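Visitor: Here is the input, now give the coordinates:
(3 chains)
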Amino acid sequence: MPESSRRGLLFGAAAVSTGALLAACTSNEPNNARSDADTAPAADDKPGAPVTIGFAGPQADHGWLNAINENATSRAARYSDVTLEITEGSNDTAAQIGQVQTLINKKVDVLVVLPADGKALTQAGLQAMKAGIPVINLDRIFASPQAYRCWIGGDNYGMGLNAGRYIGERLKDKPDAKVVELAGMDNLELTQQRTRGFDDALKNYPNITKVARQAAEFTVESGQAKMAQLLQAQSAFDALWNHDDDQGVGALRAIAQAGRDEFLMVGGAGAKSAMDAIKADDGVLKATVLYPPTMAASAIDLARALGQNKGVGGMAELEIPASVTLYSAVVTKDNVDAYLPTGFS
Amino acid sequence: MAPEPPPLLTMDGIVKSFPGVRALDGVDLDVRTGEVHCLLGQNGAGKSTLIKVLSGAHQPDRGEIRWRGRRVALSSPSAAMRLGIATIYQELDLVESLTVAENVFLGHEPTLARILVRRGRAHSAAARLLARLGHPEIAPDRPVARLSAAQRQIVSMARALSHDVRLIVMDEPSAALDPDEVGNLSRVIAGLTAGGVAVVYISHRLEEIRRIGDRVTVLKDGRAVARGLPAKQTPTHDIVAMMTGRTVERLFPERLFPERLLPGRGGDGPADSGAAAPVLTAEGLARKGEFAPLDLQLRPGEIVGLAGLVGSGRSEILETLYGARRPSAGRVLVNGVPLRPGSVRAAVRAGIGLAPEERKSQALLMLQSVTANVSAPSLTRFSRGGWIDRTAERNAARAATRDLSLRPDDPDTPVRTLSGGNQQKAVLARWLLRGCRVLLLDEPTRGVDVGARAELYAVIRRLADDGLAVLLVSSEIPEVLGLADRVLVLREGRVVHTAPARELDEHRVLDLVLEGSATP
Amino acid sequence: MTQPAPTARRDAQPSAGPQNRELGGRRPAGLRADARNLSLLGVLAALIVVGGLTRPDQFLAASNLQLVLTQASVIGVVTVGMTFVITGGGIDLSVGAIVALASVWATTVATQEYGFAGILFTAAAVGLGCGLVNGLLIAYGGMAPFIATLAMLASARGLALQITDGRTQIVTVDAVLDLGVPDAYVLGVPPLVLVFAAVTAIGWLLLNRTVFGRRTVAVGGNAEAARLAGIDVRRQRLYLYLLSGLCCGIAAFLLIVLSGSGQNTNGNLYELDAIAAAIIGGTLLSGGRGTIAGSVLGVLVFTTITNIFALNNLQSDVQQIAKGAIIVAAVLVQRRTLRDSAT
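Guide: Modelled structure (predicted):
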């Protein structure tokens, strides 16, 4: 695990719509909220009882994690009834446990924890729950459901699935289509999940073959290096899925250096640079599948609802759900404007 | 009267101390242009330190150096070189991975625009120097790593000559040379002095000094006991007396049962049934280029001394007996059982212990406690399933060190805080604990205060009286004579004399060691 | 194998002029170096055969040669600097971190305003600055190189993170970006490769033909002997870390051109790659012997392995196993070659 904690891993995350949310869970259309039963008290912008939310996250050494922190703070700032106690980010498990304990001792009303390592922070989560402080577990899941009241996070498998589906639909009429995959760090489980989702989606399209896969390391440098090799290995192919938009910067550079443009490219995570390119539509990058850092904003919403004993707006239940898996939306030229504000750099 | 020109170099009252040792205690020296000035002295007399002061490698604490009458500070090796002082060190100071030519011109390479090395020029200049030294066969482009010790000596000389020199300091230049090469060396030196270059020449070989030297300065205990004696006329016994005269009274313990141990009239022969059976036997033990075949028997309770100069093969013999060097011929037996050659493990198992010359680097774990040091070779005794029984270990270490009256009496003391004598005791305690039967001591009192030596002598004698067999190597002849029952005198890897210690005296041994130059 | 040469030289000496003597004298040194690198050339040749057999169309293409050399150039420049440090008896664990710091400092919005020259200058200056700190701590502060450069590794990475906040800094200066695309190739040679070649050539000259190189070897081989020969050992050590820092700065610039960005994760584990390449190339880890040609060959071997594995679509697990095996194999073969050539 040192490898992953050093890198502050787990980037990318899946999901959804923008700050607008949970309600939109089943739809790719961000604004199409289903709100039939409107009887439950919902978290809304109306000020309620004051809530103090403690937030503990890892060190923001990567664009996506940085965006997580920003989403959490800016969301909290929007509510006059929310006080956010944010701790210094740390990738060190022991340090993070200490931070969670400090927040428990401060008797915050709700805890939001994005653990550096989900399994290792389980005890801290349990401790908070026992102390009567509900925990919103963000993205990296604790080992025991008793350690959190609600989990909210991205869907790595779904990310691969949607990337595969998008590519499949674009290529379904093309005989003998070839696809290439530029994966993220291979020693992380999330990379394996993304690849599995991608492969499962492609099974629905018998005309498509995945001809090559190389793993980069979520860095621009490795993205450039691995993509350059892939381009040399495959003289022509039809589509490329790149797991991570950060390493995608390097991949796009390699593509430009090789002077290639015969294929379409799909990114991952939802960086602003990728969305800008999709909007401009002047290169191979046509889409990116999200792992949205806005989940941190949603986690603040959920925490506030918990603190005020409300449910989720747009849902019939009196309480917030026990787990929320965000949808990995496909951002294309058609819908990019809606997502651009969530793009991180 | 025409005023006498000032000497090329004068040194007055040079003092240099190192932690715990005053290496130079007010040395005076004067060297004239064009002379060969010999420095004589026993090991530890301060010759090497004096040379380092001369070459700018050490700064004296006190004293004055004048160069052609002007006071100078030799603040660095390059400062000395700028004046024209070049030094050939005894521990060869060459960079093995560089070639001959590169070493010769290291630090003052012929250059183009002070950046690029003019390799061709360095090359041909080095070839000329080597030819002048009578060794044209040493190729300037050979890496020094592939040269023999004698060839390296020549390269060092070429390096000294590559400077514009007025004074060359040679520290035992003949030690690594064959006799005919020594002859060649004296021709080179004659050529240099004829050209007005002065030479400061250090050697142990009296006849060599007589042949090529003009004047002699004798060092003892960091002082010059005689300055500028005529090299060719001064009687040998005067020189030897000046080298050996003792300023410190030494106390050696009584031999309790010397008669029991001394071999019978015939020396070491097996017919000697009166003595105990030997515990350690060497039969024709030899290492090519280091020491000639050696026969040696060591009996329980006996201390045998090896006397000889540095480089006479003393340490090599000890290390070969100990298995740290593999013999090229012969074998070692303990209680009649041959040891696997070249195996320290076999030697230790058979009960041989070594207290090496370089205590700090070769024997002790300086940062560890006395306990850890003493128990190191016996750990299995205190361990069960890999776990160390620390109480048992500590108690055993305490018992062993108490036996030797090691101070302070606390096995938790870090070894580095102990005095030299007590560090040596820790090494001895290690072998006592291990239950060894043969103790090999290489310079056991080096770095030990004079006052503490007597105590160490008593300890060694007591160990022998308790039945250990001890083989002792020391550069200090009085030490060998005072402590050992029997003495083997070594010269250039060969035992030249064997006798009971009581039949020898310091002058006699020194004569033997210095190639019989004192024989009438 | 060097045995006959001195004889030949001596025979030639009386009749031949000084130039002939020089030539005769140089030959054995060259042969020795070759023997040292022979095994690596063998490994490289074997790799080329494997690549050619498994993916003939892709591997042997001119574009692949450009690719391999381009990929080798960044780590290659770092390795040249590392070779000097190791030859001089030191070690520099901070190279990867310095590359990262230089690459992000040179790509901040503020720096990019100064265009091409600003980026290049900043990268070089940051590299030199870090090298200066390393050198002062080690040469004049008496710190162990391992510790001083480990501290630099940590602080430079931290500073790089602080500058970027973890964000990828995209380069918008066209003059920089254009250096990395095929239009900029000079007679088919990418500019990055030209820089790599130039650094290699200068490094080779510096180590083998200059006073600086001679002193580097002396300080690494026997610092006491060097001191007694009048060499300022401390200053020489300072220069070595400065040189390594400068190489890191140049490498950072190349990486900026290559990836079109600066990121705090750049240069990850470069220190290990550079040390490994230098060691399998024949540079002694304990100092006193170094070879630029060997180091560059070492880098090329590693890059070629990565290339062949990627072309054959083998995954990172297999790549890592093979890389370890090849390091061991190369060193074993090299030791055998050295032993044979020594007799």
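Visitor: any idea how far B:R491 is from the nearest residue to B:D505 once chain neighbours are set aside?
Guide: Nearest non-adjacent residue to B:D505, counting by Cβ to Cβ, 6 or more residues apart in numbering or on different chains: B:L481, 7.1 Å away. The way it works is simple: take the backbone N, C-alpha and C, and place the C-beta from them, glycine included. According to Cβ to Cβ, to the nearest Å, B:L481 stands 17 Å off from B:R491.
Visitor: Those two - which one has more neighbours?
Guide: Neighbours per residue, other Cβ atoms under 10 Å in any protein chain shown: of B:L481 and B:R491, the larger number sits with B:L481, 21 against 18.
Visitor: What score does that one have for pLDDT?
Guide: The model reports B:L481 with a pLDDT of 88.
Visitor: so what does whichever strand or helix holds it touch, helix or strand wise?
Guide: In this assignment (DSSP states H and E), B:L481 forms part of helix B:477-483. Here helix B:477-483 touches strand B:303-307, helix B:450-465, strand B:469-474, helix B:506-513, going by 3 or more Cβ pairs under 8 Å, 6 or more residues apart in numbering or on different chains; DSSP states H and E.
Visitor: For the stretch 151-300 of chain A, give the residue positioned nearest to chain B.
Guide: Minimum separation of the stretch 151-300 of chain A from chain B (Cβ to the nearest Cβ) falls at A:N187, amounting to 33.2 Å.
Visitor: So what's the residue count around that residue?
Guide: 16.
Visitor: Can you classify it as helix, strand or coil?
Guide: coil (DSSP: H, G, I helix; E, B strand; the rest coil).
Visitor: and the gap between the residue in chain B that chain A sits nearest to and A:P115?
Guide: Per Cβ to the nearest Cβ, B:G386 is where chain B lies closest to chain A, at 27.7 Å. For B:G386, the distance to A:P115 equals 37 Å [Cβ to Cβ].
Visitor: Which one of the two is surrounded by more residues?
Guide: Neighbours were counted for B:G386 and for A:P115 using other Cβ under 10 Å; A:P115 has more, 26 against 5.
Visitor: For that one, which non-adjacent residue is spatially closest?
Guide: A:P115 sits nearest to A:L121 (Cβ to Cβ, 6+ apart), 3.6 Å away.
Visitor: In the stretch 301-450 of chain B, what residue spans correspond to strands?
Guide: With strands called from DSSP state E, counting those that start in this stretch, the stretch 301-450 of chain B shows them at B:303-307, B:329-334, B:337-338, B:352-355, B:383-384, B:387-388, B:438-442.
Visitor: Mind putting those into a markdown table with mean neighbour count?
Guide: A markdown table is the format used below for those (neighbours: other Cβ atoms under 10 Å in any protein chain shown):
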| stretch | mean neighbour count |
| --- | --- |
| strand B:303-307 | 27 |
| strand B:329-334 | 18 |
| strand B:337-338 | 11 |
| strand B:352-355 | 25 |
| strand B:383-384 | 12 |
| strand B:387-388 | 12 |
| strand B:438-442 | 25 |
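Visitor: Using TSV, please lay out these together with distance to B:L9.
Guide: Formatted as TSV, the strands of the stretch 301-450 of chain B follow (distance: least, Cβ to Cβ, whole Å):
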stretch	distance to B:L9
strand B:303-307	35
strand B:329-334	48
strand B:337-338	57
strand B:352-355	41
strand B:383-384	61
strand B:387-388	59
strand B:438-442	36
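Visitor: now those in a markdown table, with mean pLDDT and distance to B:S156?
Guide: Shown next, in a markdown table, are the strands of the stretch 301-450 of chain B (pLDDT from 0 to 100; distance: least, Cβ to Cβ, whole Å):
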| stretch | mean pLDDT | distance to B:S156 |
| --- | --- | --- |
| strand B:303-307 | 92 | 29 |
| strand B:329-334 | 93 | 32 |
| strand B:337-338 | 92 | 42 |
| strand B:352-355 | 92 | 32 |
| strand B:383-384 | 82 | 50 |
| strand B:387-388 | 84 | 49 |
| strand B:438-442 | 93 | 27 |
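Visitor: before we move on, the earlier item: so who does the residue nearest to A:P115 touch?
Guide: Neighbour list for A:L121: A:T93, A:Q96, A:I97, A:V100, A:V113, A:P115, A:F142 [criterion: Cβ atoms under 8 Å, 6 or more residues apart in numbering or on different chains].
Visitor: Up against chain C, what does the stretch 201-345 of chain A have?
Guide: A:211-215, A:217-226, A:228-230, A:232-233, A:235, A:246, A:249-250, A:252-253, A:256-259, A:271, A:273, A:345 (Cβ under 8 Å from any Cβ of the partner chain).
Visitor: from what I can see A:D139 touches A:T294, true?
Guide: No: in this structure, A:D139 is not within contact of A:T294 by Cβ atoms under 8 Å, at 11.7 Å.
Visitor: ok, residue 273 - how many residues close by?
Guide: All of this is about chain A. Count around A:S273 with other Cβ under 10 Å applied: 22.
Visitor: wrong one, chain C
Guide: 22.
Visitor: Secondary structure element holding the closest residue to chain A within chain C?
Guide: Nearest residue of chain C to chain A, counting by Cβ to the nearest Cβ: C:A310, 3.4 Å away. Element membership for C:A310 (DSSP H and E) is helix C:292-311.
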